[in-house]
Each structure stands twice: as structure tokens, then as C-alpha cells.
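In: build me a structure from this.
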Amino acid sequence: MTEVDVLVIGGGPAGLAAAIAAHEEGCRSILLLEREPKLGGILRQCIHPGFGMHVFKEELTGPEYAQRFVQSFHALGLTAQCDTMVISLSSEREVVAVSPQHGLQRFCAKAIVLAMGCRERTRGALRVPGWRPSGIYPAGQAQRFVNLEGLMPGRRVVILGSGDIGLIMARRMTLEGAKVLACVEVMPFSSGLTRNVVQCLDDYGIPLLLSHTAVDIHGRERLEGVTIAQVDEQRRPIPGTERRLECDTLLLSVGLMPENEVSRAAGLTLSPTTGGPVVDDTLQTNVPGIFACGNVLHVHDLVDHVTVESTDAGRQAARFARGQGATSRPAGQMLQVRDGAGARGVAPQSVCAARVTESLPLMFRPTGVFRDADVVVRLGDVVVFRKRFRILTPGEMVRVVVPAEKIKQPVAASELTVEVVS
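Out: This next block holds a predicted model:
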């Protein structure tokens, strides 16, 4: 059994930021475990620009953004073990991992930071009729093929779903000479960032078919085509609207799920809305000493927000490892954070008002498209925070920062509610 103060699981942008922050907080016994052969996570294959505008105040590609944290990680003398898969995690903060170099290992940590990221939904979650021919890929897998391995999945492409990876791959495949026939989205709005719709579809003349879905897949050995149809308000295909698109590749961009198999086995409470652990304002889960951040907590749109959140998680983990984090909740007003009208998946899910010293960041996704709407935070029945937004969409996560004094008002309340008022 190897003992460490802080163990970080995941070597992507979240895990790197958490490990660096734990070191800056004074912790010196830190170990990071990563299942890939190199640090950097998903950003290694995200060669497009658009990263770093908040953290570094400049536009970077994904590899450039990741490399800055990898360099800082190594400059601090921190230890990472790549090619290492965590296979179990216990509520006593014991971890079992396996790797080709070290074999089976057991670790015991004073504090653990979960930063395993997320994974893509596959065709099995869609239940689209048809055979299982080659040529159907999650969009992120296709991105890895093209950007890291130099392989082209196909030449005539349909993209099902309008998540950010799918939108970006529409542009990437076009630049590599493929013909992208359409991006098909079952909802009446895109599930990706507006900037990606404009830069990746509109700028290249790729149609975005809203309120449409795939109803049949053709081809037995290799994909030959996809039949799409318009859907009604209940997302049911409308008879008579079917049309077939001849293609050899179907990319699936139908959502991401936090990677929480080991979290569930450790007894962590998972949110049915976000799919990630339920955490308090320190990003601590219901199991003392286990913290969560980044896409394993809830799927983010911007890696800059992942960095800010993970930095806080690393600091809190280091404090817990030093004995500054109590195993029980501190004395003071404990507030349950609730999803109000128009808000979905607010995190964190609980807040100790007495513990918040400067501000409280709250993140959620709108349940629909709202224009000229206010995000309102209520302490009981009292409005303590309000911010106006020109537009809110489910494809873009909302982050509001509530000043500490707003939630420390002498109000007899046990709930903090976030809602959208249009």
C-alpha cells in the first residue's frame, strides 16, 4: 500500500490544474494517475483554436492550452503515472490501479480529487433501427482518428446531434476534403455553442436540420445511407417527412456523460440530472475527503471554467489532507441548492453560508431558449442576486458568481434556489 496526501485521478486539464493547485497550497505528497500514455487529456486532439480566453487572455489551441499545464506540472516536480487504469475506489480513500509497467497497485490517500472527465453516448443509447455496419463513430473518436492518428473515417458524412464536438468535426472533415451533408438535431435548438454553429456550419454552408432525427440506418457491411425525418413537439418522427441521405460515415454527437463508474462503486451520491457526484461549495462529495471537478462533475462547455473549478478542488483537497477540512460539515447555515424554473443541474448542490468567504460560483444549464432573461437566486423567498442575460440556451452553460454577503443575510431559510425569469 502506497500512501500519499493527495491522489488525483485523471491527467486532463482538470486533473493537472487540481494537482498544481494542491502543490501551491503547500501539499508535497501528490500523485496523479492517468490512463492515457501522455498527459493532457482530450485537449491533445482538439487542435482548433478557442481555448484560454478567460484564463490566459489569449486564444490557444487545445494542445497549446494543455501543454502550459503539463509544463507547470513538471516544473513543480510533481509525479504522474501514465498508462495506469484505476479499477476501484473505496469510501476509505483506497485506490486500486493497474498498469503495464507497475502491475497491480494499491494506494491510500488522505484526499482524492476525481477528474476523470466524460465519455460520449454511443449508438446503443439511441435505439435507431438498422444493421451495425462499419462507418458509425462517436464524433470524439473520429476526431482522434483524424487529428492524432491521421486517418479519415469516410468521405460522405452525416452528423447526428449538434454537440460541440460534432460541430467542430463538421468543419474538420470538410477541411480534409469530405462532404458533410447535414448536421441533424432532434431538438428545436442546437446543443452546442453558438460560435461553433456559426464558425463550423454556417461558414462552410453545412445545413443544420433542427427538429430532425435519424429513423433508419442502411447498409450491412459498410454504411450506405441514413434516413432522417422531421419530429413533432414530443420528438416523434412525423410520417411522410422521411428522406434518405446517401453517406458512408455517420458521426454521433448526441451528448456526453460524466465518467463515474468508480465513483458509484465508492458510494458517492450521483445527481440524476448532471450524472456527476453531488458536491458542496468546497467541491467535496458526500464521502469526506473525496472531491470532484471538471467534466466528471458536470459537462462543461469551456475548459477555462474547468480550470477555475479544478483549481479550487485541488486547494480544498490539500487543506483536507492537512487536517483543515473537517469530516463533518462546519457549523453554520447549510443551504440546499435547488433547480428553479428554467434552470437544470445547478452545482454545487449544497452550500455552507458561513464557509463562503468571498463569492459562490453557481453553474447550470437553461431548460430552453430565453431572451432578455434574468438569472435570479433566492434565499428562501428573498431575492439575493439577479443578473440579466441577452440570451440563454441549453447548449451554453451559465455561470454566475454570487457575492458572499448576499447569502449570509439574516434570512430564515434552508434552500438556495436558482431560476430563470423572462
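In: where does the stretch 201-350 of the chain dip in pLDDT?
Out: 325-332 (pLDDT under 70).
In: what are the ranges of the helices in it?
Out: 261-265, 303-321 (DSSP state H, counting those that start in this stretch).
In: report how many residues lie close to G26.
Out: Applying other CB atoms under 10 Å, we find 12 residues neighbouring G26. (Each C-beta comes from the backbone N, C-alpha and C, glycine too.)
In: I misspoke; the intended subject was P37.
Out: Quick note: P37 (other CB under 10 Å) scores 7 neighbours.
In: ok, L209 next?
Out: Count around L209 with other CB under 10 Å applied: 17.
In: tell me the contacts of it?
Out: 182-185, 228 (CB atoms under 8 Å, 6 or more residues apart in numbering).
In: apply 10 Å and report the result again.
Out: 158, 162, 181-186, 228, 230, 245 (CB atoms under 10 Å, 6 or more residues apart in numbering).
In: buried ones among those residues?
Out: In these, burial by neighbour count holds for 158, 162, 181-186, 228, 230, 245, counting by 16 or more other CB atoms under 10 Å.
In: so which of the helices of the stretch 201-350 of the chain comes closest to F389?
Out: Ranking the helices of the stretch 201-350 of the chain by proximity to F389 (CB to CB) places helix 303-321 first, at 16.1 Å.
In: the stretch 101-250 of the chain: strands as residue ranges?
Out: 103-114, 118-120, 136-138, 156-160, 179-185, 208-210, 212-218, 225-230, 243-246, 249-252 (DSSP state E, counting those that start in this stretch).
In: now those in JSON lines, with distance to T282?
Out: Shown next, in JSON lines, are the strands of the stretch 101-250 of the chain (distance: least, CB to CB, whole Å):
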{"stretch": "strand 103-114", "distance to T282": "11"}
{"stretch": "strand 118-120", "distance to T282": "22"}
{"stretch": "strand 136-138", "distance to T282": "34"}
{"stretch": "strand 156-160", "distance to T282": "39"}
{"stretch": "strand 179-185", "distance to T282": "37"}
{"stretch": "strand 208-210", "distance to T282": "40"}
{"stretch": "strand 212-218", "distance to T282": "41"}
{"stretch": "strand 225-230", "distance to T282": "46"}
{"stretch": "strand 243-246", "distance to T282": "49"}
{"stretch": "strand 249-252", "distance to T282": "36"}
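In: closest one to P394 among the ones you listed?
Out: For P394, the closest of those is strand 179-185, at 11.4 Å, according to CB to CB.
In: send the alpha carbons of the closest one over as CSV?
Out: Provided in CSV are the C-alpha atoms of strand 179-185 (Å, rounded to 0.1, in the frame of the first residue of the first chain):
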residue,chain,number,x,y,z
LYS,A,179,-18.6,16.2,-48.0
VAL,A,180,-20.7,16.9,-44.9
LEU,A,181,-24.3,16.5,-46.0
ALA,A,182,-26.0,17.8,-42.8
CYS,A,183,-26.0,18.1,-39.1
VAL,A,184,-29.2,16.6,-37.8
GLU,A,185,-30.6,17.7,-34.4
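In: distance from it to the middle of the chain?
Out: Remark: strand 179-185 is offset 24 Å from the chain centroid, using CA atoms, centre = their mean, to the nearest Å.
In: any buried residues in stretch 338-357, and which?
Out: Buried, per 16+ other CB under 10 Å, within stretch 338-357: 339-340, 342-353, 355-356.
In: ugh, typo on my part, it should be stretch 204-223
Out: 206, 208-215, 217-219, 223.
In: just the terminal-to-terminal distance for it.
Out: One end of stretch 204-223 to the other measures 24 Å (CA to CA, to the nearest Å).
In: now do the strands in the stretch 301-422 of the chain.
Out: Going by DSSP E, counting those that start in this stretch, the stretch 301-422 of the chain shows strands at 334-339, 343-347, 350-352, 359-366, 370-379, 382-392, 398-403, 415-421.
In: centroid-nearest residue for this protein?
Out: The C-alpha lying nearest the average C-alpha coordinate of the chain belongs to V299 (CA atoms, centre = their mean; 2.3 Å).
In: isn't it right up against S271?
Out: No. V299 lies out of contact with S271 (CB atoms under 10 Å); the separation is 11.8 Å.
In: how much space between A353 and L297?
Out: 21 Å (CB to CB, to the nearest Å).
In: next one: I165
Out: 19 Å.
In: same question, T79
Out: Distance from T79 to L297, by CB to CB: 24 Å.
In: more crowded one of those two?
Out: Using other CB under 10 Å as the criterion, T79 and L297 rank with L297 on top: 32 against 13.
In: nearest spatial neighbour of the more buried one, chain-adjacent residues omitted?
Out: G276 (4.3 Å; CB to CB, 6 or more residues apart in numbering).
In: tell me the mean pLDDT over the helix or strand hosting E3?
Out: Per DSSP states H and E, E3 falls inside strand 2-9. What strand 2-9 shows for mean pLDDT is 98.
In: now stretch 139-152
Out: 97.
In: for L193, what are phi and psi?
Out: Here is the backbone geometry of L193 (degrees, to the nearest 10): phi -70, psi 140.
In: ok, E92 touching K110?
Out: No. Taking contacts as CB under 10 Å, E92 lies outside contact range of K110: 11.2 Å.
In: between those two, which contacts overlap?
Out: The contact lists of E92 and K110 share G289, where a contact means CB under 10 Å, 6+ apart.
In: so between the two, which is more surrounded?
Out: Shown here are E92 and K110; by other CB under 10 Å, K110 has more neighbours (20 against 10).
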